[in-house]
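[1] sequence first, predicted model second:
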Amino acid sequence: MKRMMLVILMFFILTAIMTFPLFFKINSSIPGFSSTNESYASIWVFWNIKRCWQNKISTFHCDLIAAPFGIELGKFSLNYPLWGIIDKILVIFTNEVFTFNFLVLFSFILSGVFAYYLSYWVTKDFLASLFSGIVYAFCPYHFARAWQHIGLAQIQWMPLYILALLNLRQKKTVKSAVLASLVLFLVVSFDYYYTYFMAVATAVFIVYLVIFEKRNKLATVRMVFLSAALSSLIILISAFPVFRSILFGVDSSDLAARGYTRSFDDLFQQSARPLSYFLPTAQHPIFGKLTSIFIGSPYYGKSMTEHALYLGWVPLILAFVAVREYIKNIRIKTSNSEIRTGKNFYLGFFIFLAIVAWFFSQPPWWRWGPVKILMPSFFMYKILPMFRAYCRFGIVVMLAVSVLAGFGAKLILERIKVKGIKLLIAILFCGLVLFEFLNFPPFKVIDLTRYPVVYDWLKAQPADITIAEYPLDLDGTNELYLFYQTKHHKKIINNTPQGSYANAVSRRIEYLGEARTAGILRWLGVKYVLVHEDWYKNNDNQEEKRKIEGIEKNNGLRLLGQFEDIKVYEVTAKPVKPEVKD
């Protein structure tokens, strides 16, 4: 128990340091950098959960966005049951910003703790396992997700699930199978990408077990299948709305709009590249400038977040030490059961897992001249077209490498007999990898108390009014508009679903200078129009600039004032119903 508390405390302290100053601004800031956007939508979701609870209204239908039609938030929504309960409890007793940060910060702490225990299962070495936990918890992938996708930041359950699988091999009991299925339920409850990854990891485990296990392999396989059956039942129940929509013949275009089918071309854009695993993140204060040169090239990839897969040279070198040990043991063909069925089994499994996950992270095919070599994503897309970012398999590669690196660290530390020197070498390993994964200065936090003052003015206006934010977000959600709504609390016509009647109406009012626009806005119930002028001025697309030309001559819009770069117009026109099919 003392060691457990020590491990938790150490990862708590390291998390506070590596995410500084987030712990000290937990109610006012969120992790992020210049291109952060999805996080604002998550803040809005938490805020809306609390709003609905306070007003005793359903969270499934929301009339605050896509006004006056509203939006069915529960339609085709993936259900994350446990996470939804945790979110609701947290936000009810705190606030939306604290809830967001709590989930992010504890993902770092728990990732380190569970990766530590997974590594300890293999190495039986405290310092080496601590090193593994640091590698996994503070890898660039984790930070990139914390800055953009709070769901994908929840990487903590995967090492716990792999540990449950290894436990299942050792204890072939129904209790162990149920435990593994419950841990997978935690994975399912936070993100379906990671559910997919752990399904692949389970298949890798079974294949490896069948090939290399010498005794009682069938008993273990039976328990794994029992666990998988229980987990499948859980997944079926939690994702029932999606399965029901598909089974009952929902139009494919509607499913595509909701993200359940993705473009095949996305698989090429969001797959790992040769340098993705070997170059430090572009956010590194020293080496980031080198990586920035390659961003957008076919050697690295276009995204600073999706392609932040850096494994670290220190972990890679130590993992190589572990691989060399595995190869040596294979050549020796030892009869020592502890080596053959113990550490060598684990080393072989994690090597196999890293290789398979790496292949899954690749684009649909490699092309060498006229030869096309198909990769796993090509085939899996035909089965699971909702998954497009196969580069995210990089976190599974990172998990396997972290365990192998921990074992490599153990082999080196075992050769050192002086405890003080051994401790110094372990600290050196940890310090080097933390430096490799460093992402500040500048600190990656966004101060949410700083927002346009117009929203304070808007909050003071009557509660029942509707506004329109320009430019309209017709082809995708403007997450900032959602965040601003948590400040002004007024209905907005923005955030209309693709293919909906509300979206079709919005496409008729893109040009504020047109006479009909003001009338349609009035028909929608809009009282004020907020125009973000700088967005139009700084846009290189001339067609976008034309969308606000002639606005001063539109008699249906009256300028009320300007707050910094945002102009506010009052809609004075008579209502005009748009000619759009309902």
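    It's in. Residues are numbered from 1 along each chain as shown.

[2] can you give me the strands in the stretch 351-500 of the chain?
    365-368, 371-374, 445-447, 466-470, 491-492 (DSSP state E, counting those that start in this stretch).

[3] wait, which of those is closest to C139?
    The closest of the strands of the stretch 351-500 of the chain to C139 is strand 445-447. By Cβ to Cβ, the value is 19.3 Å. Placement of C-beta: from N, CA and C, glycine included.

[4] mind listing what's buried along the closest one?
    Under the neighbour-count criterion of 16 or more other Cβ atoms under 10 Å, strand 445-447 has 445-446 buried.

[5] which neighbouring elements make contact with it?
    strand 29-31 (3 or more Cβ pairs under 8 Å, 6 or more residues apart in numbering; DSSP states H and E).

[6] who does the strand it packs on touch, helix- and strand-wise?
    Using 3+ Cβ pairs under 8 Å, 6+ apart, strand 29-31 sits against helix 38-55, helix 96-123, helix 140-148, strand 445-447.

[7] in its sheet, what does that strand sit against?
    Paired with strand 29-31 in the same sheet, following DSSP bridges, are strand 445-447 (antiparallel).

[8] looking at the strands of the stretch 351-500 of the chain, which is nearest to Y455?
    Per Cβ to Cβ, nearest to Y455 of the strands of the stretch 351-500 of the chain: strand 466-470, 10.0 Å.

[9] and the average pLDDT for that closest one is what?
    The pLDDT scores in strand 466-470 average 95.

[10] kindly report the same for stretch 128-142.
    Confidence for stretch 128-142, expressed as mean pLDDT, is 97.

[11] just the CA coordinates of it, formatted as PDB?
    C-alpha atoms of stretch 128-142 as PDB (Å, rounded to 0.1, in the frame of the first residue of the first chain):
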ATOM      1  CA  ALA A 128      12.200   0.300 -14.400                       C
ATOM      2  CA  SER A 129       8.400   0.200 -14.000                       C
ATOM      3  CA  LEU A 130       8.300   3.800 -12.900                       C
ATOM      4  CA  PHE A 131      10.300   4.700 -16.000                       C
ATOM      5  CA  SER A 132       7.800   2.800 -18.200                       C
ATOM      6  CA  GLY A 133       4.900   4.700 -16.600                       C
ATOM      7  CA  ILE A 134       6.600   8.100 -17.300                       C
ATOM      8  CA  VAL A 135       7.200   7.100 -20.900                       C
ATOM      9  CA  TYR A 136       3.600   6.200 -21.500                       C
ATOM     10  CA  ALA A 137       1.900   8.900 -19.500                       C
ATOM     11  CA  PHE A 138       3.900  11.900 -20.800                       C
ATOM     12  CA  CYS A 139       4.300  10.900 -24.400                       C
ATOM     13  CA  PRO A 140       3.700  13.500 -27.100                       C
ATOM     14  CA  TYR A 141       0.600  11.700 -28.300                       C
ATOM     15  CA  HIS A 142      -1.000  12.100 -24.900                       C
END
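
[12] chain center to that stretch, what's the gap?
    The chain centre lies 17 Å from the centre of stretch 128-142; the measure is Cα atoms, centre = their mean, to the nearest Å.

[13] might you list the low-confidence residue ranges for the chain?
    74-79, 81, 214-217, 235, 237-261, 333-341, 581-582 (pLDDT under 70).

[14] domains of it?
    Listed domain ranges for the chain are 2-31+76-436, 454-571 (source: automatic domain parsing).

[15] dump the ones you listed to a markdown table, plus mean neighbour count.
    Listed next are those as a markdown table, based on neighbours: other Cβ atoms under 10 Å:
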| stretch | mean neighbour count |
| --- | --- |
| domain 2-31+76-436 | 19 |
| domain 454-571 | 17 |
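
[16] what's the following helix or strand after the helix or strand containing V210?
    Here V210 sits within helix 192-212, counting by DSSP states H and E. With elements assigned by DSSP H and E, the helix or strand that comes after helix 192-212 is helix 217-238.

[17] please consider this matter closed, and thank you.
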